[in-house]
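Chemist: Sequence and predicted structure, then a few things I'm wondering about:
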There are 2 protein chains.
Amino acid sequence: MNNKKVPEGTISRIFIYLREITELVKLNIHTISSAELGERTNLSDAQVRKDLGYFGQFGVSGAGYNTQELKTALEKILGKDRAWNVAVVGAGHLGSALLTYPGFKERGLDIVAAFDSDSRKVGKQMKEITVQPLEELPRVIQQKKVSIGIIAVPAKEAQGVTDMLVKLGVGCILNFAPTSLNVPDNVKVKDVDLSRELETLSYFLVNKKAQYA
Amino acid sequence: MNNKKVPEGTISRIFIYLREITELVKLNIHTISSAELGERTNLSDAQVRKDLGYFGQFGVSGAGYNTQELKTALEKILGKDRAWNVAVVGAGHLGSALLTYPGFKERGLDIVAAFDSDSRKVGKQMKEITVQPLEELPRVIQQKKVSIGIIAVPAKEAQGVTDMLVKLGVGCILNFAPTSLNVPDNVKVKDVDLSRELETLSYFLVNKKAQYA
DNA sequence: CAGAGTTTGTGCCAATTTTCACAAAGTATA
DNA sequence: TATACTTTGTGAAAATTGGCACAAACTCTG
């Protein structure tokens, strides 16, 4: 419960724990130990305890963690007690898939707008969202109070879109374009480069052969 | 150039360098320094040099790196001079988007098959791929020599599909299902949990406020 | 309620990864 | 060719991260 910087890995894992705990609450399981939670998430018991330790003391010695209490506490800390408005820029195959992805809303992430510069894609309706032209972006982002942007445009357009979003005060960007974005320090970018993920895996294949041959 | 273990982060970044270098070659730029390459990829010059150092000595003191030479060398090392066969399991919105994602083929990753357990999705045609029933998976994986699997099924079905793939000798798995997969040590899994990526960003929003308020 | 058994929280250590910093090796110029 | 620059490659230092191990805190049982 010190105010040290929390490692990025810890933050990511905390959401895994929360997902598991939420499941346990549904199953009417009231208590779980770090060892069991680790088992279910393929992590070590020490890792579980250390990660939780960054945020407070939630456990009871000899008994473990109360699932409902832990769930409530983590949701509060992680800002999951409120919803975040998200906009998707780029309505190609990937953008469309994101618009219809059911996992977001379940977890408090509301996609409230979608944009594309291609007039053939403008007007497409997906669930309750209609794709709007890029020109509308500034107005809509401000009106709908969007704080997270998803970039699903080709690499060449990515920086331009990013600059627009940053200027409008969007604080975080999830970037699917295979390019490195430049943003000011107070904006957080998370890159998800699908090709690169696969490439990294393929490197493992090349190397595994060498290792076991 | 020693045979020490290469950090995972280095492997991932090497593909970023390669992407950038490829761009430079196209632009007819023949030489680049670690400082410039770092600038373009938002990484430090020292990081660039150290990363490249794991694979060999490619630079010339006082001059920098020859882009064409570096490109050729890295492609060889990374196994990018050959193509890998990839199968997608799950043909929902995300799976469909992956099937039509142009970035893969460009980088030597050939999606050669797609499967779904839902009979309504079987038979769907996407580019040159037809969605096949899950029962066909064992036969097709072996016949087409698939070495990388992509899991884009709901969380509950993910482990079952994984077990099938592992049994068939698939060495790497890219997992989009929001669940932890159990695999033997010689199989490499990379998780891409889109909701979790967004959640991690939203945590940053919560925390940033505290930091600057 | 005493004693045996569990499980947490955390200081400390080990391993990994990044950054620093500088000698060595090159280029460019006159 | 000599001198001034530039840039690499890499040991060594610093920072980060994960794992161990154990005292302290609690539960459970008879």
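Modeler: Thanks, I have it.
Chemist: ok, how many other residues are close to residue A:182?
Modeler: Residue A:182 has 14 neighbouring residues, counting by other CB atoms under 10 Å in any protein chain shown. C-beta here means a position set from N, CA and C on the backbone, and glycine is covered the same way.
Chemist: same thing with residue A:95?
Modeler: Residues near residue A:95, counting by other CB under 10 Å, number 24.
Chemist: How is chain A divided into domains?
Modeler: Domains of chain A are assigned by automatic domain parsing as A:8-77, A:84-196.
Chemist: can you list the ones you listed in TSV and add mean pLDDT?
Modeler: Shown next, in TSV, are the domains of chain A (pLDDT from 0 to 100):
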stretch	mean pLDDT
domain A:8-77	97
domain A:84-196	96
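Chemist: dump the residue contacts of residue A:83.
Modeler: Residue A:83 is in contact with A:108, A:109, A:110, counting by CB atoms under 8 Å, 6 or more residues apart in numbering or on different chains.
Chemist: Top of the residues you listed by number of neighbours, please.
Modeler: Comparing the contacts of residue A:83 by number of neighbours (other CB under 10 Å), residue A:109 comes first, having 22 neighbours.
Chemist: What values do phi and psi take at the residue in chain A positioned nearest to DNA strand D?
Modeler: Nearest residue of chain A to DNA strand D: residue A:62, at 2.4 Å (CB to the nearest atom of the strand). Main-chain dihedrals, residue A:62, degrees, to the nearest 10: phi 80, psi -10.
Chemist: List, out of the contacts of residue A:83, those positioned next to DNA strand C.
Modeler: For DNA strand C, no contacts are drawn from the contacts of residue A:83 by CB under 7 Å from any atom of the strand.
Chemist: what does chain A put close to DNA strand C?
Modeler: Within chain A, the residues that sit near DNA strand C (CB under 7 Å from any atom of the strand) are A:1, A:33-35, A:45-46, A:49-50, A:52-53, A:57-65.
Chemist: Buried ones among these?
Modeler: Buried subset of those (neighbour count, 16 or more other CB atoms under 10 Å in any protein chain shown): A:33, A:34, A:49, A:52, A:59, A:64, A:65.
Chemist: Now the third one: phi and psi?
Modeler: Main-chain torsions, residue A:49, degrees, to the nearest 10: phi -60, psi -40.
Chemist: Could you do the fifth one as well?
Modeler: For residue A:59, the backbone dihedrals are phi -100, psi 170 (criterion: degrees, to the nearest 10).
Chemist: give me the beta-bridge partners of the residue nearest the centre of chain A?
Modeler: Nearest to the mean C-alpha position of chain A, by CA atoms, centre = their mean, lies residue A:174 at 7.8 Å. Beta-bridge pairing for residue A:174 (DSSP bridges): residue A:150, residue A:190.
Chemist: so what's it up against?
Modeler: Counting by CB under 8 Å, 6+ apart, residue A:174 touches A:148, A:149, A:150, A:151, A:189, A:190, A:192, B:197, B:198, B:201.
Chemist: re the thing from before, now the domains of chain A in TSV, with distance to residue B:118?
Modeler: Converted to TSV, the domains of chain A look like this (distance: least, CB to CB, whole Å):
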stretch	distance to residue B:118
domain A:8-77	24
domain A:84-196	15
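Chemist: So which of those domains has the densest surroundings on average?
Modeler: Stretch with highest mean neighbour count among the domains of chain A: domain A:84-196 (a mean of 19; mean count of other CB atoms under 10 Å in any protein chain shown).
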